[in-house]
Structures are given as structure tokens and as C-alpha cells.
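In: sequence? don't have it. structure:
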């Protein structure tokens, strides 16, 4: 029972049900339309035949044949016998005369002047003529359907001021038999449709849902440590192939994310292990033997320096995590920040360092350039970029910081350029990777050595603010970092 209920709730069953209903409704509409069209065609054909018969009798009367002549009666008798299966009949009866007069004598209104005769040739009472027309011979409109007969009438002249009505009709039994046959065929087709439509719909639904079942099975087999399996593409380019392709792209992104996070954890553990090991070894050296106050002070100073390095690394890791977590909300809910003021504060902070190294630091900003976001994070981006520019520029070099409006409407552009050592082309694609430190960052002649997180933090913060960061560099010439951020509305 549970299995049956589960099957009824499945997508395949619902698709089968919808397909069967659509097929049955379409078939029913088609068959009913066909029946209506067939009925119209048969009735139209009968009307044409009766109209031609009406014209034929009218021509015979117009040729001067008396309505009671034996020749005309024999002609109509032959025609009635020849169409006995259609129950064909003809009547000619007088109606009220024109100018208000009435017919008189044997041809008075309501008395049959002419009628199709019965097969044995007895008097003017006809089996072919319907009894309700013999009993009620009043005027009729043409064409008319009465009690299973199709009747055509036409009013013609008869003598002075007298009108006569000519009637010709036939039974609708043959048309009804044809329509009954069509109804039986329709019933058989509908019964077959009730059987075939669900079966065919279930088979088609199975073909449509098979890739979905494969996606489910693949998703069940996937594990965080094993994401190398992908869905096969059928090569048809339909929505199911697009779904498989989108699922494969999602798996690629998840695998890349997990790999990147794994590398991040490994690198973070490695970077944290170095200062922690230094702290422990320094403390062990201090405890091995008695030392002078000066020696203890030197060892404690070393511990403090390693602690500062450890604190800097932890703070950078927290800032990186916070920036990546606020991608969707910082632009919407962030504070309105004067970007020019933030840049000027960063330049003032590094002015002393640049002067001590004989580096010319210039800052050009536009007033009232506002962006919406986190002021402290934006200031961290400026500090990292200017710090790197000063750090990797030799004495006598130049660092330029410029803020202007970007080439894209409603954007601000920050450019930090230097005349430093530049970045090798092989390192540029990996420049914003976490813990990546190129060859230049390991040089011993530099005042400080980085953790490899500064530019990663810059990229994460800029992306969280809806912007972009790019680099252009040539070894021995210098580097140029360009940050584009959307403007905020004051």
C-alpha cells in the first residue's frame, strides 16, 4: 500500500495523469467535432437533394400539368417508390389567397391537391406522406425538421389570387443510423483511449523522468571527499540536458569550493603553526636555565613579536571570513562612506613610511564620492594596496593614489600604481589566492614579509561591495591595481 501511495505521489504518475487527460480531452473534442461536421454534411446533402426535387416538381407544374393528372401522379408514384427507403413524399395544398381572399371549392385551404400515393395505387391517401402532415396541412417554413422528417416548402401561384404550397420531404432515419454508427465508433475509440492513453503516458513520463532519477542516484552517491562523478549528457540539447549540465556545473563549483577550503585550512594551519612553534620554543629556552634580566627581556620581546604576528594572522583570517559572509548584505545595509576621506586617511598613515624610504607618495581624490558599505573593511583595502605599493617600491620610487569616476556610469574608480619591482606574469593569475606569496614577497631585502592574505582580503571586500579589482604589472616597471565600486546615494 505504501509503495502504491508513493507511486501516486511521484512525478511520473502526475505526468502520466496529465498526459492521459489531455489526450482524452483532445480526442473527445476531435470526435465530437467530427460528428457535428458529419451531421451537418449529411443534412446539407439531403437539403440539396430535396431542393432539386422541389424545383423539378415545380417545373412540371409550371409546364401546365394539372395537379390531378394521371401522368403527374404516375411520375410522383415512381419517384416515391424509388425512394421508399428514404420515405420520400410530396404534397401540394392551397393556402389563403392574396388580397385577403380565400380559395373556394374543392381546392379550399387545408385540402390536399396532390400527394404521393401508396404502392397499391389506391386513392389519394399516401403511406409515404406522414400522418401528422395529412392531419395538419398548415403552412410551413422551409427547410423544416418535424417529427423525424426534413421538409422543404415553396409557395407558388395557382390561378387568380390563389397561392399553393408545394412540400417535399424525406425521413431522417438513414442520417440517424449513420450518426449512431459514428457514435458507436466514437465510444470504441474512447474506450481504447482510456486504455492506451494512460499506458502511453506512463511510458513517455518514464522517458522524461529517467534523467531525473539518474540525478537523484548520482546525488545520493556523492560524498564531500569524492565529487568527481558527473551526469552524462544525452546530446539532445533539451531541458533535461540543460538540467544535467547545470547540475554538473554546480558539482564543479562545490568541488572547487571544497578544494579551496581544504587548501585554505591546510595553509592556515601551516601559517599558524610557525608562530606557535616559535612561542613554545622561546618559552622552553627561557625555562631551561637561570638567565639574567636582560636575557629574559629579550626572550619576552621575541614572544611578543611572535604573538603580534599570530594576532595579525588571526585578525586577517577573521576579516576574510567576515567579508565573504557579507556578500549579499553589505551593499544593501552598509553605511554611506566618503571614499575620498578614507583614501586620504590611508595616505596620511603611510606618508611617514614612504618619506623614510625616500618614496614619493601622491594622493588625488574627488570630493564627495560616496559608496555604501563597511567603512573599516574599505579602509583595510586601501591600507593593503598602499602598503604593498610602498613595500615593493625601491628608494627613490613613486606611488600614486588616484580616485575618480569610473568608465561605467554610477561607479567610482580607485587606482594605486607604483614604480616597484612588478609582478612576474606567472604569478599574476594566482595573485588573489589565499596564502599565495610570489617570489618577490620572500626577498630578504624587504622590510616585512607578508602572510599571503592581504590581496585575498582586498578581493573579498571589493566583491562584497559589488565591485571589481584588477591588476596590470610588468616586472621591473611597476604595478597598477584598479578597484571599481558602485556609487551610493547620499
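Out: Alright, I've got the coordinates. In this text, all values refer to a predicted model and were calculated from it rather than measured experimentally.
In: Residue 169 contacts residue 151, doesn't it?
Out: Yes: with contact defined as Cβ atoms under 8 Å, residue 169 reaches residue 151; the gap is 3.8 Å. Just so you know, the C-beta spots here come from the backbone N, C-alpha and C atoms, and that holds for glycine as well.
In: Please say which of these two ends up with more neighbours.
Out: residue 169 (30 against 21; other Cβ atoms under 10 Å).
In: before we move on, which element is that one in?
Out: strand 163-171 (DSSP states H and E).
In: same question, residue 372
Out: strand 370-373.
In: chain center to that strand, what's the gap?
Out: 35 Å (Cα atoms, centre = their mean, to the nearest Å).
In: Just name whatever secondary elements it is in contact with.
Out: Under the contact criterion of 3 or more Cβ pairs under 8 Å, 6 or more residues apart in numbering; DSSP states H and E, strand 370-373 touches helix 330-333, strand 335-338, strand 478-486.
In: 7 Å instead, please
Out: Strand 370-373 sits against helix 330-333, strand 335-338, with contacts defined as 3 or more Cβ pairs under 7 Å, 6 or more residues apart in numbering; DSSP states H and E.
In: Show me the helices in the chain, by range?
Out: For the chain, the helices defined by DSSP state H cover 2-8, 11-62, 70-82, 131-135, 173-221, 239-288, 293-325, 330-333, 339-356, 375-391, 454-464.
In: Using a markdown table, please lay out the ones you listed together with mean pLDDT.
Out: Converted to a markdown table, the helices of the chain look like this (pLDDT from 0 to 100):
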| stretch | mean pLDDT |
| --- | --- |
| helix 2-8 | 66 |
| helix 11-62 | 87 |
| helix 70-82 | 76 |
| helix 131-135 | 61 |
| helix 173-221 | 84 |
| helix 239-288 | 80 |
| helix 293-325 | 78 |
| helix 330-333 | 56 |
| helix 339-356 | 91 |
| helix 375-391 | 89 |
| helix 454-464 | 86 |
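In: Just send these back as CSV, with mean neighbour count and distance to residue 475 too.
Out: Shown next, in CSV, are those (neighbours: other Cβ atoms under 10 Å; distance: least, Cβ to Cβ, whole Å):
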stretch, mean neighbour count, distance to residue 475
helix 2-8, 9, 65
helix 11-62, 15, 59
helix 70-82, 15, 112
helix 131-135, 13, 113
helix 173-221, 14, 46
helix 239-288, 14, 25
helix 293-325, 15, 27
helix 330-333, 15, 35
helix 339-356, 17, 22
helix 375-391, 22, 15
helix 454-464, 23, 17
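In: can these go into TSV with extra columns for distance to residue 434?
Out: Putting the helices of the chain into TSV (distance: least, Cβ to Cβ, whole Å) gives the following:
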stretch	distance to residue 434
helix 2-8	46
helix 11-62	42
helix 70-82	103
helix 131-135	101
helix 173-221	29
helix 239-288	5
helix 293-325	7
helix 330-333	20
helix 339-356	23
helix 375-391	14
helix 454-464	5
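In: out of those, nearest to residue 435?
Out: helix 239-288 (3.8 Å; Cβ to Cβ).
In: Quick one: neighbours of residue 361, just the number.
Out: 23.
In: and what of residue 88?
Out: With other Cβ under 10 Å as criterion, residue 88 counts 22.
In: quick one, what contacts residue 171?
Out: 86-87, 148-149 (Cβ atoms under 7 Å, 6 or more residues apart in numbering).
In: so what's it closest to, chain neighbours aside?
Out: Leaving aside its sequence neighbours, residue 171 sits nearest to residue 87 (Cβ to Cβ, 6 or more residues apart in numbering; 3.8 Å).
In: Now that neighbour. Its backbone dihedrals?
Out: phi 60, psi 50 (degrees, to the nearest 10).
In: That one reaches residue 168, doesn't it?
Out: No: in this structure, residue 87 is not within contact of residue 168 by Cβ atoms under 7 Å, at 11.9 Å.
In: okay, the two: which has more neighbours?
Out: Between residue 87 and residue 168, residue 168 has the larger neighbour count (other Cβ under 10 Å), namely 29 against 20.
In: before we move on, back to that, and residue 413, which of the helices of the chain is closest to it?
Out: Taking the helices of the chain one by one with Cβ to Cβ, helix 339-356 is closest: 10.2 Å.
In: what would the contacts of residue 171 look like in TSV with pLDDT?
Out: TSV is the format used below for the contacts of residue 171 (pLDDT from 0 to 100):
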residue	pLDDT
86	82
87	84
148	85
149	87
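In: so residue 412 touches residue 378, yeah?
Out: No: using Cβ under 7 Å, residue 412 is not in contact with residue 378, being 10.9 Å away.
In: Give the residues shared as contacts by the two.
Out: residue 339.
In: quick revisit: quick check: the farthest pair among the contacts of residue 171?
Out: 86 and 148 (11.9 Å).
In: More neighbours: which of those two?
Out: residue 86 (20 against 12).
In: Next one: the spatially closest residue to that one that is not a sequence neighbour relative to residue 54, how far apart?
Out: Distance criterion Cβ to Cβ, 6+ apart; nearest residue to residue 86, sequence neighbours excluded, is residue 170 at 4.4 Å. Applying Cβ to Cβ, to the nearest Å, the value for residue 170 to residue 54 is 11 Å.
In: who touches both of the two?
Out: Joint contacts of residue 170 and residue 54 (Cβ under 7 Å, 6+ apart) do not exist.
In: isn't residue 241 right next to residue 232, touching?
Out: No: with contacts counted by Cβ under 7 Å, residue 241 stays clear of residue 232, the gap being 9.7 Å.
In: Kindly state the beta-bridge partners for residue 401.
Out: residue 363, residue 416 (DSSP bridges).
In: count of neighbours near it?
Out: 23.
In: Excluding its own residues, what touches stretch 404-413? List them.
Out: Counting by Cβ under 7 Å, 6+ apart, 339, 366, 369, 371, 403, 482, 484-487 sit against stretch 404-413.
In: Ends of it, what's the gap?
Out: 5 Å (Cα to Cα, to the nearest Å).
In: What average pLDDT does that stretch get?
Out: The average pLDDT within stretch 404-413 is 88.
In: If we go by neighbour counts, what in it is buried?
Out: 406, 411-413 (16 or more other Cβ atoms under 10 Å).
In: contacting residues around the nearest residue to residue 387 once chain neighbours are set aside?
Out: Take residue 387 and drop its neighbours on the chain: the residue closest to it by Cβ to Cβ, 6+ apart is residue 350, 6.7 Å away. Shown in contact with residue 350 (Cβ under 7 Å, 6+ apart): 361, 386-387, 390.
In: 8 Å instead, please
Out: 361, 383, 386-387, 390 (Cβ atoms under 8 Å, 6 or more residues apart in numbering).
In: can you tell me how far the residue nearest the centre of the chain sits from residue 386?
Out: For the chain, the residue nearest the mean C-alpha position is residue 239 (9.9 Å; Cα atoms, centre = their mean). Distance of residue 239 to residue 386, computed by Cβ to Cβ: 51 Å.
In: Right, I'll leave it there.
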